[in-house]
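In: Got a sequence here, can you model it:
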Amino acid sequence: MLITFNEIGISLSSGQVAVKNDPYVWEDIWGCEYDDQVCSDGLHGFRYTRISLDALSEDAPFTSSDGQVRIKSVSLRWSGYLGTPDTFTGWFECSDTDLTQWWYDGVYTADMGTDVFRANDTEPRGARSGSLVGKLVLHDGAKRDRDPYMGDLAVAGLTSYLSHNVSEASFNVLEDLAKHQRASDGWIPPASINGYTLPLFDYPLYWVTCTWDYVFYTGNMSYLNAHYGVMARVLDTYYPAHTDTSKNLLVRQSGYGDYAFLPRDGTVAYYNALYVLALNKAAELADLSSHSADAKRWRQRANATAKAFQKEFWDPSVSAYLDRKCTGCTAHAQDGNSLAIISGITNSSNNSTLATSLLSYLSSSTSRAYGNAFYDLGGESLGEGFSDRVYAFISYFEGAARFQSDDAEGALDMIRRTWGWMAAQDPGVTHWEGIGTDGEKYEAQDTSLAHGWSTGVVPLLTNYVLGVTPTKPGFEGWRVDPVVISSPSDSNDNKGGGKGGAAGGIDWARGTVPTPKGPLAVSWDLDDEGQVVVVVNAPKGTKGVVGGKNSRSKEVQVEGGESRTVTLVRAS
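Out: Residues are numbered from 1 along each chain as shown. Next comes the predicted model:
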């Protein structure tokens, strides 16, 4: 009998079983019943199941299409992380019920990909890893490409930290990839796929930034101390070997790809902006580990790369950064422009209008009904449909860039178009790997519709709308600086839920961020004068600041262990 796992009528995987005469329970497990006959591929992620009485000729004489089979029941064994009310250590809610729902949809999406690594149901392209078997990990998708990928962790890891106490899922991935660092040049593999050899150029940089996230959200300094040398080899051996020293800019290694396997060789804005971000994050970690010389050197290199970046990629004709500087290259990409803001490159030029201008260009050139495309029209030279493709993964970085650049309205607009579009389509409760032309699944029936790297709405809402971020490892230091967006006609009489104001604003937000010392609870609301009333309950052993760039009030120092109410005057 054939058990075929179908994806909209296209057979992606199947299992064969030689049905016994007496009643019994059969479970799809990778392997063969008779040497190399009557086999199942063990892929357990699928949407639809077709059960049919048939037989493969190569399975004779153990199977036959003749006869009759009675099926008493069919069941699905859930193996992913089961997020239930009692497992949530962090939560979020605001006056816009859609945003609140998408936050929880994002957590559910990441939960589906949080699973124990098993040799019999992971990515089939040589990804089985003895060093991961039996460990809880964050897969990049619950269905397709079931393997822990480093870049996915840049978003899925944050979603996990902010919702459940399962940080070991990120730790196991970070540590395993660190242990597989290439001895010859310090390169870190992106995943266990192809025996830890898949050639990606950008993912070692995500290992650095994800290490910063892990340390600051969990406070696990022993992890940093154990793998500090790994970080140093990445930054001081691998990437310098692929740097154009005449320009102080990275040049992608020949034969290597990136998160989207884009054909963009040479000096690329995205790689260099991510490099600056990783160097600065690494410098903070070096300070924590008393490696002051490393911190100084990495900051100096980050500054030199930032200056070279501005000179090489700025395109005054549209006031945005080019994807590449080469003959015939006219593309401007979402990734390089967004990361230029997040990494501080736009600030290094002492021109406060750079971030505003490039975000304005992205809005005018990449906005679609289903989000912001990751390329403007120039991207068509790299691949058909690139100017209509939306990656929620990269849209997370654009959202963060907009929040950091006083364009919260633009951030919320993009969030509502991107995650709102996915919520309005089948299946409606998970976040897709990618969105293609006209809002369709970007790889048709092969598209993963539950992908952890697309859950950026979770950290965007918690870190910016609720306004909570760590400033020291394990939230021993923290900041609460909420972004408030409301129209003049908004009032406080919708506190119980419903949409925000007429301009699509947010009138209140509340939630909890988990920390190693206990929950950090925050709520904010607007008083009759439109000022922001923030209530903070922080755990003992922590210190924080309420206020910052999003208000015109003086920052207020707050000690953990007590409830504090602080009133802030909005910046605008």
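In: show me the contacts for the residue nearest to residue 393 when sequence neighbours are not counted.
Out: Closest residue to residue 393 apart from its sequence neighbours, by C-beta to C-beta, 6 or more residues apart in numbering: residue 453 at 4.2 Å. C-beta coordinates here come from the backbone N, C-alpha and C atoms, glycine included. Neighbour list for residue 453: 140, 149, 151, 152, 154, 155, 156, 392, 393, 433 [criterion: C-beta atoms under 8 Å, 6 or more residues apart in numbering].
In: pLDDT weak spots in the stretch 451-572 of the chain?
Out: Residue ranges of the stretch 451-572 of the chain with pLDDT under 70: 487-503, 572.
In: go again using 80 as the cut-off
Out: The model of the stretch 451-572 of the chain has pLDDT under 80 over residues 486-504, 571-572.
In: can you check the stretch 301-450 of the chain too?
Out: 349-352.
In: Tell me where it has helices.
Out: 334-342, 345-348, 354-366, 392-404, 408-423 (DSSP state H, counting those that start in this stretch).
In: Name the surrounding residues that touch the helix or strand that the last one is followed by.
Out: I take that to be helix 408-423. The C-terminal neighbour of helix 408-423 among helices and strands, as given by DSSP states H and E, is helix 457-460. By C-beta under 8 Å, 6+ apart, the residues outside helix 457-460 that reach it are 92, 99, 102-103, 105-107, 110, 155, 158-159, 162-163, 392, 396, 399-400, 403, 411, 415, 418-419, 431.
In: Now with 7 Å, please.
Out: Contact with helix 457-460 is made by 102-103, 106-107, 158-159, 162-163, 396, 399-400, 415, 419, as judged by C-beta atoms under 7 Å, 6 or more residues apart in numbering.
In: do the same with stretch 333-341
Out: For stretch 333-341, contacts defined as C-beta under 7 Å, 6+ apart pick out 269-270, 273-274, 277, 309, 320-321, 323, 346, 355, 358, 362, 366, 372, 374-375, 379, 394, 397-398, 401, 404-405.
In: For it, what is the distance to the chain centroid?
Out: How far stretch 333-341 lies from its chain's middle: 15 Å, per C-alpha atoms, centre = their mean, to the nearest Å.
In: same thing with stretch 347-358?
Out: For stretch 347-358 - counting by C-alpha atoms, centre = their mean - the centre lies 26 Å from the chain centre.
In: end-to-end on that stretch?
Out: Counting by C-alpha to C-alpha, to the nearest Å, you get 13 Å between the two ends of stretch 347-358.
In: now swap in stretch 136-146 and tell me
Out: Where stretch 136-146 starts and where it finishes are 13 Å apart, if you go by C-alpha to C-alpha.
In: again with stretch 328-345
Out: 25 Å.
In: mind listing what's buried in it?
Out: 329-345 (16 or more other C-beta atoms under 10 Å).
In: Could I get the contacting residues of residue 386?
Out: Going by C-beta under 7 Å, 6+ apart, the list of residues near residue 386 reads 375, 379, 380.
In: For residue 335, see how far away the residue lying closest to the second one once chain neighbours are set aside is.
Out: In space, and not counting its chain neighbours, residue 379 is closest to residue 386: 3.7 Å by C-beta to C-beta, 6+ apart. When C-beta to C-beta, to the nearest Å is the yardstick, residue 386 and residue 335 sit 12 Å from each other.
In: One more: residue 182?
Out: Distance from residue 182 to residue 335, by C-beta to C-beta: 25 Å.
In: now do residue 315
Out: According to C-beta to C-beta, residue 315 and residue 335 sit 16 Å apart.
In: Pop out the phi and psi values for the residue nearest in space to the middle of the chain.
Out: With distances taken as C-alpha atoms, centre = their mean, the chain has residue 155 as the residue nearest its mean C-alpha position (2.0 Å). Residue 155 adopts backbone torsions of phi -110, psi -50, taken as degrees, to the nearest 10.
In: That one reaches residue 455, doesn't it?
Out: Yes. Here residue 155 reaches residue 455: they are 5.9 Å apart, a contact under C-beta atoms under 7 Å.
In: how's this structure carved up into domains?
Out: The record's domain split for the chain, according to automatic domain parsing, is 2-59, 91-466, 469-568.
In: Stretch 560-572: which residues count as buried?
Out: So stretch 560-572, judged by 16+ other C-beta under 10 Å, has buried residues 560, 564, 566, 568, 570.
In: List the buried residues in stretch 161-173.
Out: 161, 162, 163, 164, 166, 167, 168, 169, 170, 171, 172, 173.
In: Out of those residues, which is nearest to residue 243?
Out: Nearest to residue 243, judged by C-beta to C-beta, of these is residue 173 at 27.3 Å.
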